[in-house]
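Novice: Would you be able to build a 3D model of this:
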Amino acid sequence: MSKVKKTLIILFVALGLSSCEVLNQVAQMANFANCKFNFNSVDHIQMLGVNLSKGMSKSDLNATQLLSLANALMNKKLPVTFNVNVDVNNPNAIAASMAKMDYIVSLNGKEVISTTMNQSVSVGPNSNSVVSIPITTDLFQLFSGESADAIVNLAFKLAGASSQPVNVGLKVKPYISINGQQLAYPDYITMNKVLN
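Specialist: Residues are numbered from 1 along each chain as shown. Have a look, this model is predicted:
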């Protein structure tokens, strides 16, 4: 029996929870430790409400968008949203599931966001699923020590516009819900992807 399963079962026994349903939920959560997580992609990138399509660069912005960008930089703000997509492969004979998850996302080693996705996720037995994690941040605040051009270029790098890579880091911690209590997985599951 894995260390994760032992830890979870001891926790539930200590709480006096021993029904078949509870043990099934413990097994489903423990299965996340056996799942394979792969950082799939970053998509739906928006900067100041402009969709940044694959390979798009600053020169592709129209006059109105450039004016909006200049105004944002003068105000030291550059709001960006995007999705981080993770492939989850469940090789187990039963489902792997969670009630919610904490996640931490970083860009080039700097933490972008640390928050919770209050959405249940279930991956069926012997199957794959893509979990899409929405990110909202302000690149200017995050990279305030860098030049405005470098900060703008980072947004376009997310869309694959530059040969300079962006390292996107992701940590997730699943939770299950038992009798109204949220119980966390013991450790973060860590992934990284270099976007070229």
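Novice: For Ala161, which three-state class applies?
Specialist: coil (DSSP: H, G, I helix; E, B strand; the rest coil).
Novice: Give me the nearest residue to it, chain neighbours excluded.
Specialist: Ser57 (4.4 Å; C-beta to C-beta, 6 or more residues apart in numbering). C-beta coordinates here come from the backbone N, C-alpha and C atoms, glycine included.
Novice: what's the burial count for the one you found?
Specialist: Using other C-beta atoms under 10 Å, Ser57 has 15 other residues around it.
Novice: go on, the one 5 residues further on?
Specialist: Asn62: 9 surrounding residues under other C-beta under 10 Å.
Novice: Could you check how far it is from Val50?
Specialist: 9 Å (C-beta to C-beta, to the nearest Å).
Novice: what is in contact with those two at once?
Specialist: With contacts taken as C-beta atoms under 8 Å, 6 or more residues apart in numbering, Asn62 and Val50 have no neighbour in common.
Novice: Lys157 contacts Ile151, correct?
Specialist: No. Contact criterion C-beta atoms under 8 Å: Lys157 and Ile151 do not qualify, at 10.6 Å.
Novice: Name the residues contacting each of these two.
Specialist: With C-beta under 8 Å, 6+ apart, Lys157 and Ile151 have no common neighbours.
Novice: And Val194, how far from Ile113?
Specialist: 19 Å.
Novice: where exactly do the helices run in this protein?
Specialist: 3-14, 20-30, 63-74, 139-142, 148-158 (DSSP state H).
Novice: Chain neighbours aside, what residue packs nearest to Lys54?
Specialist: Gly160 (5.3 Å).
Novice: which residues of this protein score low on pLDDT?
Specialist: 1-33, 162-163, 178-179 (pLDDT under 70).
Novice: center of the chain, which residue is that?
Specialist: Ile133 (4.5 Å; C-alpha atoms, centre = their mean).
Novice: For it, which residues count as its bridge partners?
Specialist: Val84 (DSSP bridges).
Novice: Quick check: it vs Met56, distance?
Specialist: 22 Å.
Novice: now swap in Pro79 and tell me
Specialist: 17 Å.
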